[in-house]
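# Take a look and give me a structure for this.
(one chain, ligands or ions: 1)
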Amino acid sequence: MNGRTDPAGPARLRRRRRAVSDLGDALRALVELATATEAPADDLERATESVRAAAALLGGRVRDRSSLPSTDDLLDGVRMYNPVTGSGSALAPPLHIEQAGDLTIGTCTLGLAFEGPPSYAHGGMSALLLDQLLGYAVSASGHPGMTVRLDTSYRAPVPLQTPLRLTARVTAIDGRRVTASGAIATAAEPDTVLVAATGTFVALSADQARRLFGAVWDSGSRAG
Ligand SMILES: CCCCCCCCCCCCCC(=O)SCCNC(=O)CCNC(=O)[C@H](O)C(C)(C)COP(=O)(O)OP(=O)(O)OC[C@H]1O[C@@H](n2cnc3c(N)ncnc32)[C@H](O)[C@@H]1OP(=O)(O)O
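Got it, this is the predicted structure:
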């Protein structure tokens, strides 16, 4: 039973989504502290035991890759564990996205957990953020598709612990192929491009969609 068919469902779903977000907040704080900590080994060992106890609690009931999280709703665009934007994901900064006309704007601050060169973001993280933001821009244009190509140009390192402003917009639509471009800057200097990217996205044919996502789709747009 899910939030649409169970009369008590909507309240239950809201509570579960809140709990997923709260757990995500706690996990992100944990990951950041686990990266930043200089605590003595005794404290690290005690923390390890506590984290293992929490993992045991969560492992009681789990899903596999063929089913969607019960909190998600593909039709409403709710993806709570998206590794870039998902409030429930320990991996997500998270990136907050809004649409202003044809411009897609993302904001986030990357902590020490995303460090590549000392004090700066890992380049793969910049590509991840831009892939997501470009993909959002493409979806918002009404032509959603999957990334088939992402060209990334690293012009200056992206500082950690610094509010960032990302932008993207669709630049061309050619049949099933959509091109979008975007950039990462700091919020303080939004006109200075640190990383620029251009992505090509392809809308799936019906056959491709069935082949790639049929099993998940058949399990329902929201798992029960
Ligand atoms: C408001 C909105 C809210 C929603 C928010 C949602 C945000 C979501 C954000 C998510 C963000 C994260 C997103 C992610 O993480 S998506 C995950 C990463 N991407 C993938 O895993 C995709 C892997 N690729 C494939 O599975 C296949 O390539 C697919 C199935 C996509 C196409 O199959 P196939 O490859 O067999 O192609 P086709 O025969 O159908 O041809 C189709 C057209 O495509 C052209 N083509 C193909 N490859 C390339 C290429 N490399 N460069 C340039 N063009 C290419 C091709 O020439 C043809 O053009 P044309 O001849 O018709 O002109």
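# just checking, what's the longest strand in this structure?
In the chain, assigned by DSSP state E, the strand with the most residues is strand 163-174.
# helices and strands around the biggest helix by length in the chain, which ones?
If you go by DSSP state H, the chain has its longest helix at helix 9-36. Contacts defined by 3 or more Cβ pairs under 8 Å, 6 or more residues apart in numbering; DSSP states H and E place helix 9-36 against no helix or strand at all. Where you see a C-beta, it was placed from the backbone N, CA and C, and this is true even at glycine.
# Let me know the average pLDDT across it.
Mean per-residue pLDDT for helix 9-36: 97.
# picking up where we left off before, can you list the buried residues in the longest strand of the chain?
Neighbour counts over strand 163-174 (16 or more other Cβ atoms under 10 Å) mark Leu164, Arg165, Leu166, Thr167, Ala168, Arg169, Val170, Ile173 as buried.
# and after the longest helix of the chain, which helix or strand comes next?
Next in sequence after helix 9-36, counting helices and strands by DSSP states H and E, comes helix 41-58.
# neighbouring contacts of that next one?
Outside helix 41-58, the residues that touch it by Cβ atoms under 8 Å, 6 or more residues apart in numbering are Leu30, Ala34, Thr37, Ala39.
# which residue sits closest to the third one, ignoring its sequence neighbours?
Read that as Thr37. Leaving aside its sequence neighbours, Thr37 sits nearest to Leu44 (Cβ to Cβ, 6 or more residues apart in numbering; 7.4 Å).
# how close does the one you found get to Pro118?
As for Leu44, its distance to Pro118 is 22 Å (criterion: Cβ to Cβ, to the nearest Å).
# With Leu134 instead?
According to Cβ to Cβ, Leu134 stands 28 Å off from Pro118.
# more neighbours, these two?
Set side by side, Leu134 and Pro118 show more neighbours around Leu134, with 27 against 7, by other Cβ atoms under 10 Å.
# so the more buried one touches Ala180, yeah?
Yes - under the criterion of Cβ atoms under 8 Å, Leu134 makes contact with Ala180 at 4.2 Å.
# So Tyr154 versus the ligand, what's the distance?
Using Cβ to the nearest ligand atom, to the nearest Å, Tyr154 is found at 19 Å from the ligand.
# Also Leu44?
34 Å.
# What is the neighbour count of that residue?
Neighbour count of Leu44, defined by other Cβ under 10 Å: 11.
# about what we covered before: may I see the buried residues of the longest helix of the chain?
For helix 9-36, by 16+ other Cβ under 10 Å, it's Leu13, Arg17, Val20, Ser21, Gly24, Leu27, Arg28, Leu30, Val31, Glu32.
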